[in-house]
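> When you get a sec, could you give me coordinates for this:
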Amino acid sequence: MSTEPIRTPAEPTVDDLLLPFEKQHFPAEYMEYYGLKRNNFFATVQKFRDQWNYYLMLDQIWMQEFRSLTPATDPNTIFPITVYMNAHLKVRIAIELAFAGTLPEARSIMRDAVEYAAHAHHMLKDPALQELWLNKFDDPKAWDQEFWFNKPTQLFDGLPLLHDVWKQLSNMGSHANIVSMCERFHTVEVDGQTSLNVAYTGVEEKTWALGLFDLLLHDFMMEEMLFKDYRTRLQFDEKLLKMRARFEVYKEQLRRDIAARYNLTPPAGPTIVH
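Model (predicted):
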């Protein structure tokens, strides 16, 4: 096992990172792992401050939308709001994991969030789908047909970009394959012998920054879908509209800054604009 912490000018000590309760109840090896993961979270928030600000701005937008939508007035749209809330809960956990340096796990949880958001969106098409979703075990075949099988033409119908994100997160996070592990592999020399090691937390900086920004863009895709699904009500929240406008400017500036920072070039061909 190994870890790859982000180095800061003044490295915090165990006393800085762990609470007395944790030091009392954690064994030494786990204290080292937990302390380094917490150090990575703190250091990443500092080093990638612009991405942390993006996350906090978008999180506040989510919360403002939920405040505007509750109490709900349309009985046909009440339940999907709670499903969107569960997607947002998953987003928070995923982003925290990403800042702590555990990108595959972050992608796995973000995939859950995408699936919940897609379910909420799909249920809004027909109130009968909400009843089917809530009574899954009464008719599992009907549930599978509507929410599990043929995802491109059923659950993600009309959402091709979100379906692509779901597949990407499945391949790079949830599923057991070399792609979801490759960022953690590295070789080390031990007594003149080369061995393969796995980093439990932390990756190379550029990989970390770009992986984190990908997750933040996925977060935005879901928030944007929530806003569009409930536009008839949210469009009257002037505070929310101003928050989203400021965020849009910040998001695009951050995209340009990251591209310049890591010498990225746009892909050839037409650009898809959300």
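> Which strands border the longest strand anywhere in the chain, and is each parallel or antiparallel?
Secondary structure of the chain per DSSP state E: the longest strand is strand 193-201. In the sheet containing strand 193-201, its partner strands are strand 2-3 (parallel), strand 185-190 (antiparallel), by DSSP bridges.
> Now do the buried residues in it.
For strand 193-201, the neighbour count (16 or more other Cβ atoms under 10 Å) marks 199, 201 as buried. Heads up, the C-betas are built off the backbone N, CA and C, glycines and all.
> Quick check: mean pLDDT of it?
Across strand 193-201, the average pLDDT comes to 76.
> can you give me the offset of it from its chain's centre?
Here strand 193-201 is found 26 Å from its chain centre; the criterion is Cα atoms, centre = their mean, to the nearest Å.
> Thr201 versus His25, what's the distance?
Distance from His25 to Thr201, counting by Cβ to Cβ, to the nearest Å: 20 Å.
> now do Leu254
From Leu254 across to Thr201, the span is 24 Å (Cβ to Cβ).
> same thing with Pro152?
Pro152 sits 35 Å away from Thr201, taking Cβ to Cβ as the criterion.
> What is the neighbour count of the spatially closest residue to Val198 that is not a sequence neighbour?
Excluding the flanking residues, the one nearest Val198 by Cβ to Cβ, 6 or more residues apart in numbering is Arg184, at 4.9 Å. Burial of Arg184, expressed as a neighbour count using other Cβ atoms under 10 Å, amounts to 18.
> mind listing what Arg184 touches?
For Arg184, the set of contacting residues under the criterion of Cβ atoms under 8 Å, 6 or more residues apart in numbering consists of 104, 198-200, 203.
> residues near the closest residue to Leu103 other than its chain neighbours, how many?
In space, not counting the residues next to it along the chain, Leu103 is nearest to Gly211; the distance is 4.7 Å by Cβ to Cβ, 6+ apart. The local packing of Gly211 (other Cβ under 10 Å) involves 19 other residues.
> which residues are in contact with stretch 13-27?
31, 34-35, 38-39, 42.
> Of the contacts of Arg184, which is the nearest to Ala120?
Closest approach between the contacts of Arg184 and Ala120, by Cβ to Cβ: Pro104, at 25.3 Å.
> from memory the closest one sits against Cys182, does it?
No: counting by Cβ atoms under 8 Å, Cys182 is not a contact partner of Pro104; they are 9.7 Å apart.
> who's more crowded, these two?
The residue with more neighbours, out of Pro104 and Cys182 and counting by other Cβ under 10 Å, is Pro104; that gives 20 against 10.
> where's that one relative to Thr201, distance?
If you measure Pro104 against Thr201 using Cβ to Cβ, the figure is 11 Å.
> Quick one: low-confidence residue ranges for this protein.
The model of the chain has pLDDT under 70 over residues 1-10, 186-187, 266-274.
> Fine by me, thanks again.
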